[in-house]
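>>> Provided below are the primary sequence and the corresponding predicted coordinates.
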Amino acid sequence: MNLTMPILVGVVLGLGVYALVRALMPSRRSALQQVARIDAMRARGSAYETQTRAQETTGRLGSLRAQVGARVSEFYLQQGWEQRSLRADLAVLDRSWEKFLATKALLGVAGLFFGPFLFAVVWTLGFSHSPIIPVWLALMCGAVFFFLPDLEVRRDAADKRRDLRRVIGAYLDLVSMSLAGGRGLPEALMAAAEISDGWANQRIKHALADARITGVSQWQALGALGEELGVEELKDLSASLALVADDGAKVRESLASRAETMRHRELSEIEGSAGEKSQSMLVAQLLLCAGFLVFLIFPAAMRVFQV
């Protein structure tokens, strides 16, 4: 029994060192990994290099974070891990993919040190003396800390997408009214986006402005924006505008019906959220009543059982 724990600790540490060496050593890429790497580098473009240079001038901490993010991003590219949903969430939040990966890696390393530190506190209090516990604590805390940014990003992105869908519904109404006033579809799309300075309207306006520069149609730019942000409403809007772009009356009818559908969907979501909150309040009231009944019955039950 005395030799079992050191052997287990050595095996776990050996597996960890082997996994680290395998992760750092360059491996032969498969065709799928190579294609994913090329697509990711093409999508990233020169914006990554400009952003990395800007980060390197923000001090030692910013330089370290940029280097860690670049290394982890390169590792993801080599493995062919696209993480499209996370990239879409970061695009909605207007955050950098490299910064996000650097945060995950640094938090994971901090978790590896936090586990043994927590064990040291427990060992000082005299609760446990097993040498295998700090290893498992380090691995568990490292994994938890590594995935904490994912939960935060997904929660914040869901809230911003909800706001974006509300803005899209109002935006479609404005475009429909502009078309009814005699404007063409490109002018109506841009004029409706310029009414507000909110972040959602700014993203739509920038996408439409880029479409003019690159020479693509504005509904294609909206579809690309929906693909980037992971918003199905923009992709459906792009497809519907591509079908009826030459007929002004059909465009107005399509936009008006789509805006009405989005409003009904939003009202349904609000009613569903209100119903869930009502149910949670009902459960809390029932638990409170049950606790109060136990508080009233307990003294009488104790007397009965004592007798």
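Yes, it's here.

>>> against V11, how distant is L174?
For L174, the distance to V11 equals 65 Å [C-beta to C-beta, to the nearest Å]. Using the backbone N, CA and C atoms, a C-beta is placed for each residue, glycine as well.

>>> higher neighbour count, the two?
Neighbour count, other C-beta atoms under 10 Å: between L174 and V11, L174 has more, with 20 against 11.

>>> how near is the more buried one to V251?
Distance from L174 to V251, by C-beta to C-beta: 13 Å.

>>> before we move on, what about R161?
According to C-beta to C-beta, R161 stands 25 Å off from V251.

>>> got it, and E82?
Distance from E82 to V251, by C-beta to C-beta: 35 Å.

>>> quick one: buried residues of the helix or strand harbouring Q78?
Using DSSP states H and E, Q78 sits in helix 60-79. For helix 60-79, a neighbour-count test (16 or more other C-beta atoms under 10 Å) marks 65-66, 68-70, 72-73, 76-78 as buried.

>>> now do stretch 187-195
Neighbour counts over stretch 187-195 (16+ other C-beta under 10 Å) mark 188-190, 192-193 as buried.

>>> in helices only, show me these.
188-190, 192-193 (DSSP state H).

>>> and the residues you listed as a markdown table, adding distance to V294 and pLDDT?
Shown next, in a markdown table, are these (distance: C-beta to C-beta, whole Å; pLDDT from 0 to 100):
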| residue | distance to V294 | pLDDT |
| --- | --- | --- |
| A188 | 65 | 84 |
| L189 | 63 | 85 |
| M190 | 65 | 87 |
| A192 | 60 | 86 |
| A193 | 59 | 86 |
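
>>> with respect to K104, which of the residues you listed is nearest?
Nearest to K104, judged by C-beta to C-beta, of these is A193 at 34.1 Å.

>>> from E194, how far off is the residue lying closest to the closest one once chain neighbours are set aside?
Spatially, and ignoring its direct neighbours in sequence, A193 is nearest to K205 (4.0 Å; C-beta to C-beta, 6 or more residues apart in numbering). According to C-beta to C-beta, K205 stands 6 Å off from E194.

>>> please apply the same query to Q220.
Per C-beta to C-beta, Q220 is found 20 Å from E194.

>>> residues making contact with stretch 158-166?
Contacts with stretch 158-166, where a contact means C-beta atoms under 8 Å, 6 or more residues apart in numbering, come from 92-93, 200, 229-231, 233, 262, 266.

>>> err, stretch 144-155, not the other one
The contact list for stretch 144-155 (C-beta under 8 Å, 6+ apart) reads 86, 89-90, 93, 95, 100, 103-105, 107-108, 110-111, 114.

>>> could you tell me which of those belong to helices?
Those of those lying in helices (DSSP H): 86, 89-90, 93, 100, 103-105, 107-108, 110-111, 114.

>>> phi first, then psi, for S217.
Here is the backbone geometry of S217 (degrees, to the nearest 10): phi -70, psi 160.
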